[in-house]
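# fold the following and give me the result.
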Amino acid sequence: MRVAFVVWEFPVLSETFVLNQITGLIDRGHQVDIYAHIPGDTQKVHPDVTRYDLLARTSYVPSIPKNVGLRLLKAVRLCFQNFQRNPRLALSALNFVRYGQRSLSLWFIYAIVPLLDTPTYDIIHAQFGTDGLTSLALRDIGALRGKLITTFRGYDISTYVQAKGKDVYQSLFRSGDFFLANCEFFRQRAIQLGCDPTQIKVHGSGIDCRRFTFKPRQPAADGVTRIVTTGRLVEKKGIEYSIRAIAQLLQRYPRLEYSIVGEGELRPELERLIEALGVGDRVHLCGRKQQQGLIELLDQAHLFVAPSVTAADGNQDAPVNVLKEAMAMGLPVVSTLHGGIPELVEDGISGFLVPERDVDALRDRMEYLVTHPERWLEMGLAGRTFVENHFDIERLNDRLVDLYQQMLASPNQPAIADHPVLLPST
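Numbers count the residues shown, from 1 in each chain. Below you'll find the predicted structure:
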């Protein structure tokens, strides 16, 4: 099959869920092209970006000047340089009557440049709902050709909807060929917004379990209990609350060490909080780490905390990959009753779930695990087993190929086999 992946930015170090699908399709003998609006940080990339030479498979939209005059001048130059490659498509991009604001803003002129010579694809896979809207517009104009499948992953079905309104995806729901959500929580959200329930399935974001080696957790010889959180330093990750909970714990259990991996806009605020609580010698903001560095940190840890919350802009999490990675490595976890996380963490079995923003509950559940190391092994084993059974990337990539093939087998309505929704037992 020929598959086009449409994303906003590529590569993105934190979006291993996209990378795993791309490499999985390549491993299975399929042709994958990547279309992105902007380049990501090419100085810090996942090793698979290099191993599979993915930048050679990636085409980018030319940068669009914010200044209207400069945008117009650059658009004229792009037309002059590229018109002969696909005159019909170039003229369509200038059809202001039919395409309205997308043409008037000259967005179409820029967006079609990497698509002027593209083949017809079997599948166009938009990796977020917002990419689905972009892909639909490009397919309508004839720049992309193929069946369109869109995955909803988080901010696109929460923050973006809150900002743009509940009707924002109506055109996509009418004209897209099929839809995926990375958890049942977001599948139900899409249905509430107007998606046909028969046209959307849950397809989780997988991890390569072979890269995350299980290790039985035992108290350290030095008596220090090491706790880790990984995530961008933004509101929805709730890291403020875990820092406050750790600060309370340290009053009774001074031999704790809390490492926070990630960068983001809230770093200065979190640094001030750590200083104000007087825990700078035990709570560390470690910055961004590549995957191997994170694995090494998790290998030495005893517990993992993911205190996600619903942000003021509505942003919510699915079952986040860092939680899956920690569970695959045998770490008991403490997380929150938030978004799709209860579909991953089995409360009382692989870890604990507490209400959002509840510092006392976070402290209590962490205290239980700190003082009951005899539970670490059984919880770690339960987490590893659940991740292997439900989120192994090889199984999920096989299922994705199967879904693509079923879509292609039906000329009009895809007859997608029903896979069970993967929920924890209660």
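
# tell me the secondary structure at Thr305.
Actually, residue 305 is Val. It isn't Thr. Of the three states, Val305 takes strand under DSSP: H, G, I helix; E, B strand; the rest coil.

# which residues does it bridge with?
Beta-bridge partners of Val305, counted by DSSP bridges, are Val334.

# so what's it up against?
Ile227, Val228, Thr229, Ser242, Val333, Val334, Ser335, Leu362, Met366 (Cβ atoms under 8 Å, 6 or more residues apart in numbering). C-beta: built from backbone N, CA, C; applies to glycine.

# do the same with Glu271
Leu285.

# after the host helix or strand of it, which helix or strand is next? Please name it.
According to DSSP states H and E, Glu271 maps onto helix 267-277. Next along the chain after helix 267-277, taking DSSP H and E as the criterion, comes strand 283-287.

# re earlier: now the contacts of Val305 as CSV including pLDDT?
Formatted as CSV, those follow (pLDDT from 0 to 100):
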residue, pLDDT
Ile227, 98
Val228, 98
Thr229, 97
Ser242, 98
Val333, 98
Val334, 98
Ser335, 98
Leu362, 98
Met366, 98
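
# thinking again about what came up before, quick check: buried residues in the helix holding Glu271?
Arg267, Leu270, Leu273, Ile274, Leu277 (16 or more other Cβ atoms under 10 Å).

# out of the residues you listed, which is nearest to Ala137?
Arg267 (36.0 Å; Cβ to Cβ).

# got a list of what the nearest residue to the closest one once chain neighbours are set aside touches?
Spatial nearest neighbour of Arg267, excluding adjacent residues (Cβ to Cβ, 6 or more residues apart in numbering): Leu233 at 4.9 Å. Residues near Leu233 by Cβ under 8 Å, 6+ apart: Ile239, Ile260, Gly262, Glu263, Gly264, Glu265, Leu266, Arg267, Leu270, Leu285.

# repeat that with 10 Å
239-240, 260-271, 285, 287-288 (Cβ atoms under 10 Å, 6 or more residues apart in numbering).

# before we move on, what about Asp41?
By Cβ under 10 Å, 6+ apart, Asp41 lies in contact with Glu9, Pro11, Val12, Leu13, Arg288.

# what's the farthest-apart pair in those residues?
Glu9 and Arg288 (15.5 Å).

# these two: which is more packed in?
Taking neighbours as other Cβ atoms under 10 Å, Glu9 and Arg288 compare with Arg288 leading, 17 against 14.

# next one: Leu403 from Phe178, what distance?
Leu403 sits at a distance of 8 Å from Phe178 (criterion: Cβ to Cβ, to the nearest Å).

# what of Thr336?
Distance from Thr336 to Phe178, by Cβ to Cβ: 31 Å.

# now the strands for the stretch 101-250 of the chain?
Ranges of strands in the stretch 101-250 of the chain, per DSSP state E, counting those that start in this stretch, are 123-126, 147-152, 178-181, 200-202, 225-230.

# out of those, which comes closest to Met327?
strand 225-230 (12.4 Å).

# pull up the pairing partners for that closest one, direction included.
Here strand 225-230 is paired, per DSSP bridges, with strand 256-261 (parallel), strand 303-306 (parallel).

# same list (the contacts of Asp41) but as TSV, adding secondary structure, pLDDT and distance to Thr120.
Formatted as TSV, the contacts of Asp41 follow (DSSP: H, G, I helix; E, B strand; the rest coil; pLDDT from 0 to 100; distance: Cβ to Cβ, whole Å):
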residue	secondary structure	pLDDT	distance to Thr120
Glu9	strand	95	25
Pro11	coil	94	26
Val12	coil	90	28
Leu13	coil	80	32
Arg288	coil	87	39
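
# break this protein into its domains for me.
Following automatic domain parsing, one gets these domains for the chain: 2-206+395-409, 210-389.

# low-confidence regions, the stretch 101-250 of the chain specifically.
Along the stretch 101-250 of the chain, segments meeting pLDDT under 70 are nowhere present.

# for it, what spans make up the helices?
Secondary structure of the stretch 101-250 of the chain by DSSP state H, counting those that start in this stretch: the helices cover 107-111, 129-141, 159-164, 170-175, 184-192, 239-252.

# as CSV, the ones you listed with distance to Ala220 and mean neighbour count would be great.
Below are those laid out as CSV (distance: least, Cβ to Cβ, whole Å; neighbours: other Cβ atoms under 10 Å):
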stretch, distance to Ala220, mean neighbour count
helix 107-111, 53, 22
helix 129-141, 44, 22
helix 159-164, 40, 16
helix 170-175, 51, 15
helix 184-192, 36, 20
helix 239-252, 16, 20
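
# of those, which is nearest Arg88?
Per Cβ to Cβ, nearest to Arg88 of the helices of the stretch 101-250 of the chain: helix 129-141, 10.2 Å.

# report the angle between the closest one and strand 147-152.
Orientation check (axes from the mean of the first three to the mean of the last three Cα atoms, to 10 degrees): helix 129-141 against strand 147-152 gives 160 degrees.

# check the offset of helix 129-141 from the chain's centre.
19 Å (Cα atoms, centre = their mean, to the nearest Å).

# and stretch 279-289, by the same measure?
24 Å.

# could you find the closest non-adjacent residue to Thr310?
The nearest residue in space to Thr310 (Cβ to Cβ, 6+ apart) is Gln316, at 5.4 Å.

# Thr336 and Phe178: who's more crowded?
Neighbour count, other Cβ under 10 Å: between Thr336 and Phe178, Thr336 has more, with 27 against 23.

# so what's the more buried one up against?
Thr336 is in contact with 238, 241-242, 305-310, 317, 342, 345, 352-358, 361-362, counting by Cβ under 10 Å, 6+ apart.

# hmm, 6 Å instead?
Listed by Cβ atoms under 6 Å, 6 or more residues apart in numbering, the contact set of Thr336 reads Pro307, Ser308, Val354, Glu356.
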